[in-house]
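Visitor: sequence and predicted structure, then a few things I'm wondering about:
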Amino acid sequence: MKFGYREICLEHDTGARHPETADRLRAIRRGLSKRHGVSYDDGDLATRDSIEAVHDPGYVADVEAFCADGGGTWDADTVAVEETWEAALASSGLACWAVEEALGGAEGRDTPFSIGRPPGHHAETDEAMGFCFFNNAAVAVERALERDGSGVDRAVVFDWDVHHGNGTQDIFYDREDVFYASVHEQGLFPGTGEILETGGPNARKATLNAPLPGGSGDSEYAAFVDRILDPAMERFDPDLFVVSAGFDAHRHDPISRMCVSTEGYGHLTDRVRSIADRHDAPLSFVLEGGYGLDALSDSVEMVHEVFDGREPVEPDGDVTSKAKRVLDDVRDAHGL
């Protein structure tokens with residue numbers, strides 16, 4: 001894979017006790033450099049126009065002023081320093097880089113993965129929350145949809161972070177040209193992502209949520225992809241496939257109860273690649289959460305290794321009865 005990264009993303013200082021720290025990116029880079037020869041691209045900072053294409057201009061101005069004044073606590077979870085403004089522009093810019101690389105023909109071992117921070121999927125149209133200021137994946141997808149000659153008329157964002165991406169859903173909820181699919185832990189922050197949240201009046205069945213019960217792991221996630229995401233993509237037929245790649249559903253992550261293994265992320269990657277290939281949809285990855293440093297690093301390495309030729313082991317366990325009921329209800333809600 002090719003990775004997008006900028007040093008300024010380390011300067012977004014959230015404090016030593018905050019779970020979303022610069023050590024996350026350091027751990028990823030350390031793991032990749034220890035065992036893999038990877039290249040990095042620093043992309044460009046996102047333009048104000050590209051940010052304001054998915055965020056309210058007044059809100060963007062408020063974030064800029066907040067950071068210029070030295071930052072502080074935006075809410076209980078979301079903090080900033082002066083450097084957060086540039087880091088947030090860099091993180092969104094790296095997501096745009098990843099999508100542009102994919103649209104430019106990067107595939108296989110050159111599949112792009114942006115490892116910026118702050119993350120983005122909780123950032124709503126006019127509000128920062130959940131460690132996020134600008135919605136990186138949404139900025140990149142909207143830029144691709146708006147750019148003449150991109151060949152993108154329909155895009156999908158598949159969010160496998162353990163938390164529901166309320167911000168991405170908020171931004172695209174009434175858009176028929178963007179399909180948002182999220183598999184997340186039931187009852188976890190931010191409390192959104194219910195099965196019957198399926199899209200606005202102009203975008204029925206263009207939002208798909210699977211709130212799996214705590215304790216779900218490789219088999220349950222594989223079942224979601226095979227039984228729900230795959231047939232949903234057959235119906236939607238995207239021109240672009242973006243993964244909001246959080247790794248906090250890992251069994252060793254400190255802030256969730258899910259049980260996805262490192263190998264499980266490899267299987268998810270392999271299945272997503274197959275779906276994207278079948279639809280000739282350029283594929284890119286955008287980092288979201290993941291707060292156990294070793295688990296995060298190992299999982300990103302696993303994604304890389306799949307594109308480098310590794311064949312992940314298929315899950316062989318049974319899907320729990322609770323998870324099966326959720327998946328059946330999602331299928332019914334979407335007529336799959």
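Guide: Structure received.

Visitor: the strands in the stretch 101-250 of the chain, which residues?
Guide: 112-114, 155-159, 178-185, 207-212, 240-245 (DSSP state E, counting those that start in this stretch).

Visitor: would you list the ones you listed in JSON lines and tack on mean pLDDT?
Guide: Below are those laid out as JSON lines (pLDDT from 0 to 100):
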{"stretch": "strand 112-114", "mean pLDDT": "98"}
{"stretch": "strand 155-159", "mean pLDDT": "98"}
{"stretch": "strand 178-185", "mean pLDDT": "98"}
{"stretch": "strand 207-212", "mean pLDDT": "98"}
{"stretch": "strand 240-245", "mean pLDDT": "98"}
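
Visitor: let's have those strands in TSV, adding mean neighbour count and distance to residue 68.
Guide: Glycine gets a C-beta too; all of them are placed from N, C-alpha and C. Output for the strands of the stretch 101-250 of the chain, formatted as TSV (neighbours: other C-beta atoms under 10 Å; distance: least, C-beta to C-beta, whole Å):
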stretch	mean neighbour count	distance to residue 68
strand 112-114	28	25
strand 155-159	27	31
strand 178-185	27	32
strand 207-212	25	35
strand 240-245	27	29
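
Visitor: in this structure, spot the helix with the most residues.
Guide: Assignment by DSSP state H gives helix 84-103 as the longest helix of the chain.

Visitor: now do that one against strand 155-159, angle only.
Guide: Put simply, helix 84-103 runs at 120 degrees to strand 155-159, going by axes from the mean of the first three to the mean of the last three C-alpha atoms, to 10 degrees.

Visitor: what is the orientation angle of helix 84-103 with strand 240-245?
Guide: 140 degrees.

Visitor: okay if I get the strands of the stretch 101-250 of the chain as TSV plus distance to residue 293?
Guide: Rendered in TSV, the data for the strands of the stretch 101-250 of the chain read as follows (distance: least, C-beta to C-beta, whole Å):
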stretch	distance to residue 293
strand 112-114	18
strand 155-159	22
strand 178-185	20
strand 207-212	24
strand 240-245	16
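
Visitor: lowest confidence element among the helices and strands of the protein?
Guide: For the chain, the helix or strand with the lowest mean confidence is strand 39-41, at a mean of 91 (criterion: mean pLDDT, DSSP states H and E).

Visitor: the very next helix or strand once past that strand - contacts with which helices or strands?
Guide: With elements assigned by DSSP states H and E, the helix or strand that comes after strand 39-41 is helix 48-52. Applying 3 or more C-beta pairs under 8 Å, 6 or more residues apart in numbering; DSSP states H and E, one finds that helix 48-52 contacts helix 57-68, helix 84-103, helix 136-146.

Visitor: thinking again about what came up before, buried sites along the least confident helix or strand of the chain?
Guide: Across strand 39-41, burial judged by 16 or more other C-beta atoms under 10 Å covers residue 41.

Visitor: what's next to that strand, contact-wise?
Guide: Contacting residues not belonging to strand 39-41 are listed as 2-5, 97, 101 [C-beta atoms under 8 Å, 6 or more residues apart in numbering].

Visitor: can you lay out these as CSV showing distance to residue 327?
Guide: As requested, those are exported to CSV (distance: C-beta to C-beta, whole Å):
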residue, distance to residue 327
2, 34
3, 33
4, 33
5, 36
97, 34
101, 33
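
Visitor: most neighbours of all these, which one?
Guide: Using other C-beta atoms under 10 Å as the neighbour test, the contacts of strand 39-41 are led by residue 4, with 28 neighbours.

Visitor: how near is that one to residue 314?
Guide: From residue 4 across to residue 314, the span is 30 Å (C-beta to C-beta, to the nearest Å).

Visitor: just the endpoints, please. Distance across stretch 105-125?
Guide: Using C-alpha to C-alpha, to the nearest Å, one end of stretch 105-125 lies 30 Å from the other.
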